[in-house]
Structure formats: structure tokens, C-alpha cells
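Asks: how would this look folded up:
(one chain, ligands or ions: 1)
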Amino acid sequence: MIRPLIVPLISLLAASAVSAAHAAEPIIDAARAQDLARQHACFGCHAVDKKLVGPAYRDVAARYAGKSGALATLVAHVQNGTSGTWGAVPMPPNQISAADAQTVVQWILAGSKPN
Ligand code: HEC
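Replies: I've put the predicted structure just below:
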């Protein structure tokens with residue numbers, strides 16, 4: 001009796017779960033992220049696709065892909081500095097707001113696309 005109702009209900013729920021997940025994806029502002037990275041001298045130590053003083057942003061994205069909490073962890077590491085994950089050289093603290101650091105880290109985690 002109930003089954004004919006349940007099946008469409010489940011597909012409806014699944015469909016709305018998918019669109020909700022989609023809506024939760026951060027909007028990446030690549031232009032602003034790169035402006036901020038330039039202003040805060042991130043590119044003095046980082047490049048997108050090769051290691052400089054710090055790891056390539058592509059490698060950062062690969063290491064943290066699918067890890068929950070990566071955004072918050074990396075925002076804190078960018079603000080406070082961090083060491084020991086990529087090699088012997090530490091990253092010093094950066095004078096950047098949490099909101100701006102989040103804009104840059106979201107762009108990094110999404111693959112550092114040009115625009
Ligand atoms: C003086 C050089 C230097 C500057 C400036 C710098 N970084 Fe780093 N960054 C590093 C080094 C070195 C590491 C690797 C630290 C480690 O091994 O844990 C690193 C690591 C990182 C990581 C990965 C952290 C982790 O826990 O895996 C991110 C993300 C990052 N930097 C983003 C930024 C951003 C954004 C800026 C600008 C606001 C910035 N960096 C400025 C040198 C720098």
C-alpha cells in the first residue's frame with residue numbers, strides 16, 4: 001500500500017539532497033583570491049604549479065582533497081604560520097584577516113584556477 005508513495009518520496013529527497021550539496025559549494029572568486037595573494041606576498045613563497053619556498057598550491061589542493069575541516073585548518077595555518085608538513089622550512093604568520101585567508105584558501109583548494 002505504502003510502497004508506491006515511498007519510491008517517489010525517496011527520489012525526491014535524493015534530488016533535493018543533491019541540489020542542497022550543490023548550493024553549499026563555496027563560490028570561488030578567483031580574481032579576488034589572486035589579488036589578495038599578491039597583496040599579502042603569498043606568491044613570494046608559493047606558485048600554483050611548482051614548489052618555491054612553500055609547496056605548490058596544486059599540491060596543497062591534492063593533499064587536502066576531500067578532507068573535512070581542511071578549509072578551517074588551512075585558514076588558521078595561513079594566519080598563524082605552520083611547520084613540519086611539507087619540509088624543514090616553516091611558514092611564518094601572515095597579516096591577513098580570516099575572511100581574506102578563507103577566500104584565498106578556497107581558491108587554492110578548488111585547484112587555483114586562473115579566473
Ligand atoms: C615566507 C614564505 C611564505 C609566505 C609569505 C607564505 N607562505 Fe604559505 N607556506 C610556506 C611554507 C614554507 C609552507 C610549508 C610549511 C610546512 O611544511 O608546514 C607553507 C604552507 C602553506 C599552506 C599549506 C599549509 C598546510 O598546513 O599544509 C598553505 C595553504 C599556504 N602556505 C598558503 C599561503 C598563503 C595563502 C599565503 C599568503 C597569505 C602564504 N602561504 C604565504 C611559506 C610561505
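Asks: surely Ile28 and Lys113 touch.
Replies: Yes - using C-beta atoms under 8 Å, Ile28 is in contact with Lys113, at 7.4 Å. Bear in mind the C-beta positions are built from the backbone N, C-alpha and C, glycine included.
Asks: and Arg38, how many neighbours?
Replies: For Arg38, the count of nearby residues is 11 (other C-beta atoms under 10 Å).
Asks: got it, and the one 3 residues further on?
Replies: Look at Ala41: counted by other C-beta under 10 Å, it has 12 neighbours.
Asks: show me what from the protein comes close to the ligand.
Replies: 37, 40-42, 44-46, 53-55, 60, 74, 77-78, 82-87, 89-92, 94, 96, 104-105, 108 (C-beta under 6 Å from any ligand atom).
Asks: next step: these restricted to helices.
Replies: Among those, DSSP state H puts Ala37, Val60, Leu74, His77, Val78, Val104, Val105, Ile108 in helices.
Asks: between these, which is nearest Lys67?
Replies: Nearest to Lys67 among these, counting by C-beta to C-beta, is Leu74 at 9.8 Å.
Asks: show the pLDDT at that closest one.
Replies: What the model reports as pLDDT for Leu74 is 98.
Asks: what do you get for the one 4 residues further on?
Replies: In the prediction, the pLDDT value recorded for Val78 is 98.
Asks: now do Ala23
Replies: On the pLDDT scale, Ala23 gets 55.
Asks: please apply the same query to Asn115.
Replies: On the pLDDT scale, Asn115 gets 82.
Asks: do you know how far it is from Met91?
Replies: Using C-beta to C-beta, to the nearest Å, Asn115 is found at 26 Å from Met91.
Asks: looking at those two, which is more packed in?
Replies: Neighbours per residue (other C-beta under 10 Å) separate Asn115 from Met91, with Met91 holding more: 19 against 8.
Asks: show the contacting residues for that one.
Replies: Cys45, Gly54, His77, Val78, Gly81, Thr82, Ser83 (C-beta atoms under 8 Å, 6 or more residues apart in numbering).
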